[in-house]
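# Provided below for reference: sequence and predicted model.
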Amino acid sequence: MDLFPAVDLRDGRAVRLVQGDFEREQSYGDPVELARRFADAGARWIHVVDLDGARTGQAINRSTVLEIASQVDASIQTGGGIRSEKDVEQLIDGGVDRVILGTAAVRDPALVERLACRYPGRVGVAIDHRGPSGQVAVAGWQTTAPVTVGELLSGLEAVPLAAVVVTSIERDGMLEGPDLDGLGEALGGTAHPVIASGGVRSADDLRRLRSISTEGRFLAGAIVGKALVAGSLDIAEALKACTPYG
């Protein structure tokens, strides 16, 4: 299971929100330095999110994303405000290894399919959900879509995606543990690689994620944000917990 340390961007700064609430923000300084610190510690992937872009659909932090891609020695996965072929082309040409589309997967699934076919292995989808029914949220989690996690996964099954990132909004930034049951259901609802996001607070949480199995399939990765910057989880410990002997 790969570890994806998260770098969330707002106004060019590295920040963390609580449950996606823009009024509950903590700042963590220079995002390039934060990403470099994760890479220097051994992270193979960095997950970079343009929070402003996710909410507005505009590439507000695009230059920062591209700076991270050019200066940090790790594979970069990025999402937030990616709504067009031009967006994806600019990011991949700029050195990003994988782009993650969220709102577009709900509003323009044909676009996602075209991009996944054009860039094999480099396009994924973010499925962010809240509530007991698993209702999907879009536009920086500001809008609820008329579709559930299971329905969206089913609709994407024939699309050649690199991965789906499944986030429990209610757990994001809360350090209360991941949604193990929901992630198990998502894993069983798709043949695509599944990356878990939301709630990880400790190495034990990562080991629990690593142990989730459905029909012999396991999670492909876990995104960890607040725990790494707030200090409840050391990145070396996190990397070790993601390995079979961690």
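Looks like it came in fine.
# Tell me which residues touch Ser168, please.
By Cβ atoms under 8 Å, 6 or more residues apart in numbering, the contact set of Ser168 is 129-130, 178-179, 182, 197-199. Every residue, glycine included, has its C-beta placed from N, CA and C.
# Tell me how far it lies from Thr56.
23 Å (Cβ to Cβ, to the nearest Å).
# ok, back up a step: of the contacts of Ser168, which is the nearest to Asp73?
The closest of the contacts of Ser168 to Asp73 turns out to be Ser197 (Cβ to Cβ; 23.2 Å).
# Centre-most residue in the protein?
The centroid of the chain falls nearest to Val165 when counting by Cα atoms, centre = their mean (5.3 Å).
# How confident was the prediction at that residue?
Looking at Val165, its pLDDT is 97.
# And stretch 211-220, how far out from the chain middle?
18 Å (Cα atoms, centre = their mean, to the nearest Å).
# List the buried residues of that stretch.
Across stretch 211-220, burial judged by 16 or more other Cβ atoms under 10 Å covers 212, 214, 219-220.
# among those residues, which two are most distant?
The distance between the two most remote of these (Cβ to Cβ) is 12.6 Å, for Thr214 and Ala220.
# coming back round to it: now, the most widely separated pair of the contacts of Ser168?
Arg130 and Pro178 (14.5 Å).
# More neighbours: which of those two?
Here Arg130 and Pro178 are compared on neighbour count by other Cβ atoms under 10 Å; more neighbours surround Pro178, at 26 against 19.
# Identify the residues contacting that one.
168, 171, 196, 198-200, 205, 208-209, 222.
# Just put these in CSV and tack on distance to Ser63, secondary structure and pLDDT.
Below are the contacts of Pro178 laid out as CSV (distance: Cβ to Cβ, whole Å; DSSP: H, G, I helix; E, B strand; the rest coil; pLDDT from 0 to 100):
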residue, distance to Ser63, secondary structure, pLDDT
Ser168, 30, strand, 87
Arg171, 31, helix, 79
Ala196, 29, strand, 96
Gly198, 27, coil, 91
Gly199, 31, coil, 91
Val200, 29, coil, 95
Asp205, 34, helix, 97
Arg208, 37, helix, 97
Leu209, 33, helix, 97
Ala222, 28, strand, 98
